[in-house]
Every structure is written in structure tokens, then in C-alpha cells.
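Participant: requesting a structural model of the entry that follows:
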Amino acid sequence: MRNPSRSSLVHSAAVLLGALMLAGPALFNGFPLLYPDSMTYLADGPPVARAVFLHQFSEYYGVRSFFYSLGILPFHWNLSAWPVVALQCLLVAWVLWLVVRSIAPRRVAAGYLPLMLVLTALTSVGWYASFIMPDILGPILYLAIYLLVFASDTLSRSERLALYPIAVWGITAHASHFVLAAGLCLLLAVAAILPWRVFDRRPLRARLLSVAQVAGLLAVAAALQFALHGYLYGKPSLNGERPPYLAARIIADGAGRWYLQKNCPQANLFLCGHLQELSDDPDSFLWDADGIFAQASEEEREQISKEEMPFVLATIRAYPGQQFARSASNFQQQLLAFGLYGFDPSPWIQNEFATVLPGAREHYIGSRQARDALPLDLLTDIQFWFVIASLAASGTLIPLLWRRHSNLLPGLGLVIVAAVVANALVTGVLSVVDDRYQCRVIWLVPLLAGLLLLDWLHQRQGAMAPATQRSASS
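Facilitator: Below is the predicted model of the structure:
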């Protein structure tokens, strides 16, 4: 008879070992992996916390997710970013443990540890778990949605309750996470009411109640965002002082520029006075020191933001075919762009250490990232071919499992495929094509292939056991 305390100890040790594997890239680098936005997330936590808990308001809080900044604040206190890496690696390791257990419940550690070893060695999952950015919370959110909707029967009450705040944090950590989670919720609601039960064999009421959990989490996340932004700015909103990403995107796509050239000055838009400064790069429009938005005064930024949606909608009405073609091209490019290229050194990062992480600058300068010594091209090639191999393996295994498949694999496959495709659609079409955006979720494809393989092995072992017993009895 299995000892419950010993089993729990083994499970905890496996998750801790998985977290250590995930932290491998940070340990190899010699410092937590950083991006220019990382310094903003680390810096924005204290002023927002002072406003929330001490009622000490500031004139400016930043444009990033306050919830990610607040969530990691107790783990760094502007002293060290290593505890943030530990937090993220533990969350990823634990959620992946729950996912593996849901698919292959017998001898979970025996399947979990090899899968973690392969994923951390050949995909980007460890790099994003070691990254001081909210990027890793996106795929963890989508896996949490799978667990709550399709695998809730495999969770204990405490595990389910722990997944709720993780999911809400993931939703609020980035605007794209909210959009993707809402899209997944809608997709799963449609799948739940379909008469055929490919993705879920439970009764209709049970399926709808499971999706309702996700809808409830979305509602909580939205309420938190409205409340916090309303408290800080006196005006409730989902995204706070969001930069005009859509205007920058549609101008870069060409249609926005055509609309302005044809309709200015009668359109009476702020951008009409800057036709010669319009950029083909959305990032240049928003973030470059000489970009239109960066140079604008506070009043001019408010005007740009106020005019954004009317301008975008008018442009789409004027050039629907051209904009659709360009958006489709952006989507295709983003779907295939998942190289490990978001970890380049940045002088701006080094300059921010004095105020964000005092005393840690010398440690960062000694890291491989700061010395531009990370083997990113090699890692990109390895991941690319492993994703291709995973797709081929999945295509081979799905027919073998079709008749005797796990009840949960179709649901997991639906969530992963939808999340990977929708992530490329949202980021590529609404923001900018960037390898970092797709790289943060592409490891879900090898994860699905690995779980298909585990389920196949699980079935083979189950089929061989009766034969072995018959042979022994004879």
C-alpha cells in the first residue's frame, strides 16, 4: 500500500527539480534575464503600492501592467530579481505537474521529469520562466484554463482554489492575455454546446459550468483592472494610460498613412500635422526619442489617444481589402517567428540599475546577456527543428490514439492550438511582428506532443499488464 506522505514528498521533490530545470537559463546566464521593459515592471511596483496601501499618489505610474508589477514586488523589493525567477519557475513547474498528472496519472514523476528535461533543454520555456517579464504567465494561464475546464475532476479543492489567483494574475499581467483568455472562453463555450462531444464527453450542464469558471475569472480580472485604474486615475478603464498601439500599427501597415494623406487637413486630426514624420515601424512611432508619441506633450498624447479609434475605424472603412491583406501577412509572419531573440544586451538596462536594483549592476554586467555571449542563434535553430519534429510526432500519434484516447487530450489540444494561433493573430495584427511574442507560447506545441507520447505509453502499459498477468497465471 502506497504511503501518502512519502508520495507527497516525492511529488514535491519532482516539482522542485522541475523548477530548478526551468531556472537553468538564468543560472547559465549568471543573472535573471532582462528586457528594457523588465526595468519598468520592477520600477513601477513601489509607486503603485504606495498609492494603493498608503494613499500616497504620484503623477505618473507607467504604461505597463500594474498587476504584474505588484505581484512581483514582494519578491524583489528593488533588491534582487532572483526571487522573481524562483516564483515564476515554481508556478510553471507546478502547473505543468498538474497537466501531466491529468493526462498520465500513473507514476506521474516518471513522466513529468523526462518531459521537463526535454522541454527545458530544447524549447524556450525555461528562458521565459527565467525572464523578468509577464510573458510566461500567458501560457500558464492557458494551461490553467485547460485544467479548470476539462480536467477539474483531477484537481483537489485546494489545487483548484490555488489556480484561481494564478489565472487572474495571468489575465491582468498583460493586455494580450486578457484578449486571448476572453477568446478562449468564447471558443470553449461554443465547443461545450456542440451536439458532438469530441472535446468533452460530460453532460452539457457540467461543460457549461466549467466554462463559467473561466468567465468568472475574466469578470474578476476586469473588475480589478477597472477598480485599480479608476482609483489611480479617477477614470475606470481596462488598460489605464495605454499607448496608441492600433494607430501605430495601422500607420505602419500603410493604410493609415494613405488615409491621412488623402483626408488631411479636413480630417482635423493631430497626426495631420506630422505627415512627414510617420514611421513604418510601430515601435519607432511609440518609443523612439524622436517618435511622434514620445515627443508629444501630455495634452497631445491625450488627443492622440482620443482620436485613435475613430481614425482606425475610418481607415479600415476606406481601405478594407488592403488592410486585411496586410494584417493577414502580419499574422502569417508572426505565426512563424519564434526565435530566441529577446535577450539582447541593452545600455538602457544598465543605466536603470541605479534606481531599480541598486547594487546589482555589476552582477548584471558580468552576465552572458550583458556581454552578448548567449548562444541565441543555436538555441533558435534547436527549438525550430524540435517544434517541426513535435508537429510530425503529433500527426503520427493522434491517429493511434483516436479510438482509445484520453478524455482530456482533445480539450488540451484545442486550448493549445487555439492559444498559439490566437497569440500570433492578436500580437501580429494589433501590435508588431516580434519573435518574442510567439516564442513565449511555442513551447506548448512540444508539450502537447510529449503528452500525446506519454498517453500512448500509458495505454501500451495498460494493454500489456493483462497479458503479463495471464502469462504468469498460466
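Participant: how far off centre is the host helix or strand of Tyr128?
Facilitator: Under the criterion of DSSP states H and E, Tyr128 resides in helix 125-129. Taking C-alpha atoms, centre = their mean, to the nearest Å, one finds the center of helix 125-129 at 11 Å from the center of the full chain.
Participant: hmm, who's touching that helix?
Facilitator: Outside of helix 125-129, the residues within contact range by C-beta atoms under 8 Å, 6 or more residues apart in numbering are 21-25, 33, 85, 88-89, 92, 119-120, 135-136, 139, 340, 343, 379, 439-440, 443, 447. Quick note: C-beta positions are derived from backbone N, CA and C, even for glycine.
Participant: which members of these are positioned in helices?
Facilitator: 21-22, 24-25, 85, 88-89, 92, 119-120, 139, 379, 439-440, 447 (DSSP state H).
Participant: greatest separation within those: which pair is it?
Facilitator: Taking every pair in the ones in helices among the contacts of helix 125-129 and measuring C-beta to C-beta, the maximum separation is 20.4 Å, between Val85 and Leu447.
Participant: the closest residue to Ala318 other than its chain neighbours: what's it in contact with?
Facilitator: Once flanking residues are discounted, Ala318 sits nearest to Tyr259: 5.3 Å by C-beta to C-beta, 6 or more residues apart in numbering. Listed by C-beta under 8 Å, 6+ apart, the contact set of Tyr259 reads Ala267, Phe311, Ala314, Thr315, Ala318, Tyr319.
Participant: could you report the neighbour count for the fourth one?
Facilitator: It stands for Thr315. 25 (other C-beta atoms under 10 Å).
Participant: the residue nearest to Leu187 when sequence neighbours are not counted and Glu159, how far apart?
Facilitator: In space, and not counting its chain neighbours, Leu187 is closest to Ala418: 5.7 Å by C-beta to C-beta, 6+ apart. According to C-beta to C-beta, to the nearest Å, Ala418 and Glu159 sit 24 Å apart.
Participant: over to Asp377?
Facilitator: Counting by C-beta to C-beta, the gap from Asp377 to Glu159 is 40 Å.
Participant: pretty sure Lys235 is touching Ala227, no?
Facilitator: No. Using C-beta atoms under 8 Å, Lys235 is not in contact with Ala227; the gap is 11.9 Å.
Participant: specify the local secondary structure of Pro358.
Facilitator: coil (DSSP: H, G, I helix; E, B strand; the rest coil).
Participant: what sits against it?
Facilitator: Contacts of Pro358 by C-beta under 8 Å, 6+ apart are Asn78.
Participant: any idea of the pLDDT on it?
Facilitator: Listed pLDDT for Pro358 reads 92.
Participant: what of Ala472?
Facilitator: 48.
Participant: over to Glu300?
Facilitator: The model's pLDDT for Glu300 equals 82.
Participant: so it sits right up against Leu271, yeah?
Facilitator: No. At 10.3 Å, Glu300 does not count as touching Leu271 under the criterion of C-beta under 8 Å.
Participant: give me the nearest residue to the spatially most central residue of the chain, chain neighbours excluded.
Facilitator: Most central in the chain under C-alpha atoms, centre = their mean is Gly138, positioned 2.3 Å from the mean C-alpha point. Spatial nearest neighbour of Gly138, excluding adjacent residues (C-beta to C-beta, 6+ apart): His177 at 4.9 Å.
Participant: right, and the one you found touches Ile140 too?
Facilitator: No. Checked against C-beta under 8 Å, the pair His177 and Ile140 is beyond contact range at 9.8 Å.
Participant: between those two, tell me which one has more neighbours.
Facilitator: Shown here are His177 and Ile140; by other C-beta under 10 Å, His177 has more neighbours (27 against 24).
Participant: separation between the more buried one and Ala129?
Facilitator: Counting by C-beta to C-beta - His177 and Ala129 are separated by 16 Å.
Participant: got it, and Asn407?
Facilitator: 29 Å.
Participant: same question, Phe57
Facilitator: Taking C-beta to C-beta, one finds Phe57 at 34 Å from Ala129.
Participant: what does Asn29 give?
Facilitator: Remark: distance between Asn29 and Ala129 (C-beta to C-beta) = 13 Å.
Participant: what segments of the stretch 301-450 of the chain are helices?
Facilitator: 320-336, 347-356, 361-365, 376-401, 409-430, 435-442, 444-473 (DSSP state H, counting those that start in this stretch).
Participant: deepest of these, which one?
Facilitator: Mean neighbours per residue, mean count of other C-beta atoms under 10 Å, is largest over the helices of the stretch 301-450 of the chain for helix 435-442, with a mean of 23.
Participant: can you give me the offset of that one from its chain's centre?
Facilitator: Computed by C-alpha atoms, centre = their mean, the chain-centroid distance of helix 435-442 equals 8 Å.
Participant: next, the angle from it to helix 320-336.
Facilitator: 60 degrees (axes from the mean of the first three to the mean of the last three C-alpha atoms, to 10 degrees).
Participant: packing partners for helix 435-442?
Facilitator: Applying 3 or more C-beta pairs under 8 Å, 6 or more residues apart in numbering; DSSP states H and E, one finds that helix 435-442 contacts helix 137-150, helix 320-336, helix 376-401, helix 409-430.
Participant: right, and the ones you listed - which one's nearest Ala167?
Facilitator: Checking the helices and strands packed on helix 435-442 against Ala167 by C-beta to C-beta gives helix 137-150 as the closest, at 4.5 Å.
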